[in-house]
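# this is a predicted model, with the sequence first.
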Amino acid sequence: MAALDLVNYDEAITLRTGEVSVEGKTVFIVDDDEDIGQSIGSLLRSLRYRVEVFTAPMSFLERAQAGISGCVLLDMRLPVVSGLEIQRRLREAKRTIPIIFLTAHGDIEMAVAAMKAGAAEFLPKPFREQQLIDAVADAMARSEQTEEADRIRNDYKASLLLLSPKEREVLDDLSAGLQVKEVATNRNLSPSTVRVHRRNIRSKIQGKNLGAFVMLHNTYRHQP
């Protein structure tokens, strides 16, 4: 069993809990060594993380189908499916949760493959406690950023569905930097009609700043 370094346990708690609020965030631990999973879980619970421990990778994949948020501590070598295979399946299922790989038998090729596929970190066992704490904190920050970006994109897409085809055309021109008179000429409309469409867009995006929405349109309009 690869044990955690417990020398600086109290110091680690003091260092990290004063820096960030971690209530409500979940760390999913996937390791077929139950002792390691429970040891890591106890440490992270002491830092007020929610923790779910899995010794069977397929059980974790079933859990992931319902949606997961936070980060994953994932052993590289597991029975039935490898850590890299779990990473691939999560990616195919559009689960963008950060993954921290843990392994006692890793090599450079494995690490490169994991990082190229988007892993947040790759920690060889045995690792120091503070290494793990820092990696989890960084992964949680990354998770929050990703989830916020997803929320903004989904909110934009929902607002876009409220617009009529003509309003979409006007929005496209506004996003291209055209002024009202230029949009009118481009779409063979009167300036007053363009202003009506612009006003309708403002109303339908439900209080969002039109300039900010135009910027979002430029960012996401060609994305699926």
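Sure thing, it's come through.

# low-confidence ranges, the chain, go.
Within the chain, the segments meeting pLDDT under 70 span 1-24, 106.

# and the helix or strand containing S59, what's buried?
Assessed by DSSP states H and E, S59 sits inside helix 57-65. By neighbour count on 16 or more other C-beta atoms under 10 Å, the buried set for helix 57-65 is 57, 60-61, 64. C-beta here means a position set from N, CA and C on the backbone, and glycine is covered the same way.

# now do it: everything it contacts.
28, 30, 32, 52, 54, 72, 78-81, 86, 89-90, 93, 95 (C-beta atoms under 8 Å, 6 or more residues apart in numbering).

# now list the buried members of those residues.
The buried subset of the contacts of helix 57-65 (16+ other C-beta under 10 Å) comprises 28, 30, 52, 54, 72, 78, 86, 90, 95.

# narrow the residues you listed to those in strands?
The strands, defined by DSSP state E, take in 28, 30, 52, 54, 72 from these.

# what's the closest non-adjacent residue to the third one?
Once flanking residues are discounted, E52 sits nearest to F28: 5.2 Å by C-beta to C-beta, 6 or more residues apart in numbering.

# got the phi and psi for A113?
phi -60, psi -40 (degrees, to the nearest 10).

# circling back to that earlier point, which pair of the buried ones among the contacts of helix 57-65 spans the longest distance?
L78 and R95 (17.1 Å; C-beta to C-beta).

# now flag whichever of the buried ones among the contacts of helix 57-65 is closest to V136.
Closest to V136, out of all of those and judged by C-beta to C-beta, is V72, at 10.2 Å.

# check contacts around the closest one.
27-30, 60, 90, 97-100.

# and the longest helix anywhere in the chain, what's buried?
Determined from DSSP state H, the single longest helix within the chain is helix 129-160. Buried residues in helix 129-160, counted by 16+ other C-beta under 10 Å: 129-133, 135-137, 139-140, 142-143, 156, 159-160.

# go through those residues and say which is closest to Q223.
Nearest to Q223 among the buried residues of helix 129-160, with distances taken as C-beta to C-beta, is Y156, at 9.9 Å.

# surely the closest one meets H217?
Yes. Assessed by C-beta atoms under 8 Å, Y156 is found in contact with H217 at 7.4 Å.

# in a helix, that's where E109 is, yeah?
Yes. According to DSSP: H, G, I helix; E, B strand; the rest coil, E109 belongs to a helix.

# for burial, what's the neighbour tally of it?
8 (other C-beta atoms under 10 Å).

# what's near enough to touch it?
Applying C-beta under 8 Å, 6+ apart, no residues contact E109.

# re earlier: possible to save the buried residues of helix 57-65 as JSON lines with distance to K208?
As requested, these are arranged in JSON lines below (distance: C-beta to C-beta, whole Å):
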{"residue": "P57", "distance to K208": "42"}
{"residue": "F60", "distance to K208": "38"}
{"residue": "L61", "distance to K208": "37"}
{"residue": "A64", "distance to K208": "32"}
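
# now, among these, which is nearest to S39?
Nearest to S39 among the buried residues of helix 57-65, with distances taken as C-beta to C-beta, is F60, at 17.9 Å.

# gap between that closest one and V81?
Per C-beta to C-beta, to the nearest Å, F60 is found 10 Å from V81.

# over to G177?
50 Å.

# D75 now?
On the measure of C-beta to C-beta, D75 and V81 end up 11 Å apart.

# repeat for A141
Distance from A141 to V81, by C-beta to C-beta: 28 Å.
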